[in-house]
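**Student:** Sequence and computational prediction follow.
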Amino acid sequence: FTFSLKVLSRLNVKDPEYISVHAESTSSTPKRLSQNYTVCKLEDKMDCLYSFIRSHMQEKTLVFFSTCSMARFVYSCFSKLLRKAPVACA
């Protein structure tokens, strides 16, 4: 496993199950997929994300948030700011 059972026990997860998407594969992601991240101050997070999306408008971008309410908030802000580009929230 790539994570500790002690961590799962602290989360009170009953019967955890590890799921591996590419257990048999030589690489964990498709060759054309690029995974990026940046470290920034909390107060700069939205500016950094907006700048990244604006500079990569011709590419598909998938952003993960820790809560649904954060995803909805960013979706409502960015859908108004990025009127020319389709913004989806799933």
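**Tutor:** On my side now, so go ahead.
**Student:** Low-confidence regions, the chain specifically.
**Tutor:** 1-23, 28-29, 84-90 (pLDDT under 70).
**Student:** what's near enough to touch F65?
**Tutor:** F65 makes contact with A71, V74, according to C-beta atoms under 8 Å, 6 or more residues apart in numbering. Any C-beta I mention is one placed from the backbone N, CA and C, and that applies to glycine too.
**Student:** Now with 10 Å, please.
**Tutor:** By C-beta atoms under 10 Å, 6 or more residues apart in numbering, the contact list for F65 reads L49, A71, R72, F73, V74, Y75, C89.
**Student:** Which ones among the residues you listed lie within helices?
**Tutor:** L49, A71, R72, F73, V74, Y75 (DSSP state H).
**Student:** where along this protein do the helices fall?
**Tutor:** Under DSSP H, the chain gives helices at 5-10, 45-55, 68-81.
**Student:** What residues of the last one count as buried?
**Tutor:** It refers to helix 68-81. Going by neighbour count (16 or more other C-beta atoms under 10 Å), the buried part of helix 68-81 is V74, Y75, F78.
**Student:** Next, the distance between the ends of stretch 30-40.
**Tutor:** 27 Å (C-alpha to C-alpha, to the nearest Å).
**Student:** same check, this time on stretch 50-67
**Tutor:** Terminal-residue distance, stretch 50-67 (C-alpha to C-alpha): 18 Å.
**Student:** now swap in stretch 51-62 and tell me
**Tutor:** 14 Å.
**Student:** and what of stretch 27-42?
**Tutor:** First-to-last residue span, stretch 27-42, C-alpha to C-alpha: 32 Å.
**Student:** now stretch 61-74
**Tutor:** 14 Å.
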